[in-house]
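Q: the sequence isn't on hand, but the structure is:
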């Protein structure tokens, strides 16, 4: 039922290329998977265009109601990279090329023998009061301002920046998950007893996700993943065993996923 | 710069499993790619939890400011499938098992010799005033109410439902895109002349997207995709040729993607 509690985060994916269907986003999943073991739950994700007003409004709405906001995209050197300026506007602070960021970029480009063009200097535009986030992949830093972390959109760079973000976060109780994969089981076969279990375990979030895998030549293998999520591992283990027994009692082969 | 105009759409992905990082969403990209040739541009996507209040608030916010809203997820037979009831609440209309939807489901399950359990009947709960959306994959219908289209979350079922959605939509001018793939080019090499081009062609949206491909053994191939988007194909063709010439003039090999 997903009543999310504890420490919360929002993710903002900035980029026309994701909204247009040109690019498959990979950042939500990697940020969510990075935050989960820290005890931080992503409660909303918004994908928005490269539009200064929308970026500022979105970040202001989300930073007021979640503990952390993570943005990706729009911090490169080109004209469509307007995230840093939009975030400065959202916080009502000035923005300009900052000496500390310029030094990082100069040092990086000197090392890689890349000319430091005017446009590359633009990547040193950082809002007043923000702290830099190290970019171990391509040099130009991200930044943190308040509870907002502004990162690059290329997934490998985002991933690199998260390493310099983790130590700044204060997590909560870690939500863990266990799952049973039940081949051939359809949701409708188990819905009523599963709903009854959910009522008995309000501290556990029980979800049911059907799958349809095309095996070959149009032949489809179907089944249902049954997933339980909770912070208390003992309760979680009891619930997932009960779910496995329920699946077996209905005459299906259910397997507790050893990966979880 | 992505000033989106014309006919607009919002996508709402409903599901704890996407926010938790357990499942990689595939619906935004397929919905955006389905709508683009119809002349409908996705201007925002929100991924939200299985929470009745959040679902209703999100749909109400988005349906007021975009032409169409598409939701996916949460219309199955289990306790965590609360989308239909939440949408009814958003529109302030009653919801119950509806005869037309029940007939569709009964017919489907009779054909596939599946028992019609009480929980499967739950999938016939449709808000008053909504029209059904055919589900050619698993039977249980989606529905349209006002400008909101409520679809299943399993991508193959979502895709099937879109076939019964297309004829209900009134599109606008189709936004087309062309792109140049320039190996080894970095954004900073081209940022200034590209920004200058953007200023000269305000009716075209010019974007720049760096890529980093790991070829093998940690060796990385990098470059930049330069993408132009516009409704006027003649202008678009002129702009993309100008971009290709610009890339060549900087000493890089740029190739207009024949796929676009």
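A: Alright, I've got the coordinates. Remember, it's a predicted structure, so these values are computed and weren't measured experimentally.
Q: is it true that residue A:97 touches residue A:123?
A: No - with contact defined as Cβ atoms under 8 Å, residue A:97 does not reach residue A:123; the gap is 9.1 Å. Heads up, the C-betas are built off the backbone N, CA and C, glycines and all.
Q: now the strands for chain A?
A: Under the criterion DSSP state E, strands of chain A are mapped to A:7-14, A:40-48, A:68-72, A:95-97, A:125-127, A:131-135, A:139-145, A:148-151, A:176-183, A:205-216, A:219-230, A:254-256.
Q: more neighbours, residue A:97 and residue A:123?
A: For residue A:97 and residue A:123, the more surrounded residue by other Cβ atoms under 10 Å in any protein chain shown is residue A:123, and the numbers stand at 26 against 13.
Q: how about the residues of the stretch 101-250 of chain A near chain B?
A: Counting by Cβ under 8 Å from any Cβ of the partner chain, the stretch 101-250 of chain A comes close to chain B at A:114, A:117-120, A:122-123, A:137, A:154, A:156-157, A:175, A:177, A:186-192, A:194-195, A:198, A:205-212, A:227, A:229.
Q: recalculate using a threshold of 6 Å.
A: Residues of the stretch 101-250 of chain A lying near chain B by Cβ under 6 Å from any Cβ of the partner chain: A:117, A:119-120, A:154, A:156, A:187-188, A:191-192, A:194-195, A:198, A:207-210, A:212.
Q: which members of those are classed as buried?
A: Burial by neighbour count, 16 or more other Cβ atoms under 10 Å in any protein chain shown: within these this picks out A:117, A:119-120, A:154, A:156, A:187-188, A:191-192, A:194-195, A:198, A:207-210.
Q: can you list the buried residues in stretch A:8-24?
A: Using 16+ other Cβ under 10 Å as the test for burial, stretch A:8-24 gives A:8-23.
Q: got it, and stretch A:157-169?
A: Along stretch A:157-169, the positions that meet the burial threshold by neighbour count (16+ other Cβ under 10 Å) are A:157, A:158, A:159, A:160, A:161, A:162, A:164, A:165, A:169.
Q: what's the per-residue pLDDT of the second one here?
A: Same thing as residue A:158. At residue A:158 the predicted local distance difference test score is 97.
Q: follow-up on the earlier one: which one of the buried ones among the residues of the stretch 101-250 of chain A next to chain B is nearest to residue A:181?
A: Closest to residue A:181 out of these is residue A:209 (10.0 Å), distances taken as Cβ to Cβ.
Q: hang on, the earlier thing: which two of the buried ones among the residues of the stretch 101-250 of chain A next to chain B have the greatest separation?
A: Greatest spatial distance among those (Cβ to Cβ): A:117 and A:192, at 64.7 Å.
Q: quick one: the longest helix along chain A to chain centroid distance?
A: Secondary structure of chain A read by DSSP state H shows that its longest helix is helix A:233-249. Here the centre of helix A:233-249 is set off from its chain's centre by 28 Å, with Cα atoms, centre = their mean, to the nearest Å.
Q: coming back round to it: the buried residues of stretch A:8-24: which ones sit near chain B?
A: With Cβ under 6 Å from any Cβ as the criterion, the members of the buried residues of stretch A:8-24 in contact with chain B are A:16, A:17, A:19, A:20, A:21.
Q: which residue sits closest to the third one in space, ignoring its chain neighbours?
A: Leaving aside its sequence neighbours, residue A:19 sits nearest to residue B:42 (Cβ to Cβ, 6 or more residues apart in numbering or on different chains; 4.9 Å).
Q: which sections of the stretch 101-250 of chain A are below the confidence cut-off?
A: Across the stretch 101-250 of chain A, not a single residue meets the criterion (pLDDT under 70).
Q: tell me the two of the ones next to chain B among the buried residues of stretch A:8-24 that are most distant?
A: Considering Cβ to Cβ, no two members of those lie farther apart than A:16 and A:21, which are separated by 10.5 Å.
Q: any idea of the angle the longest helix of chain A forms with strand A:176-183?
A: Counting by axes from the mean of the first three to the mean of the last three Cα atoms, to 10 degrees, helix A:233-249 lies at 10 degrees to strand A:176-183.
Q: so which of the strands of chain A gets nearest residue A:33?
A: Set against residue A:33 and scored by Cβ to Cβ, the strands of chain A come closest in strand A:40-48, at 9.7 Å.
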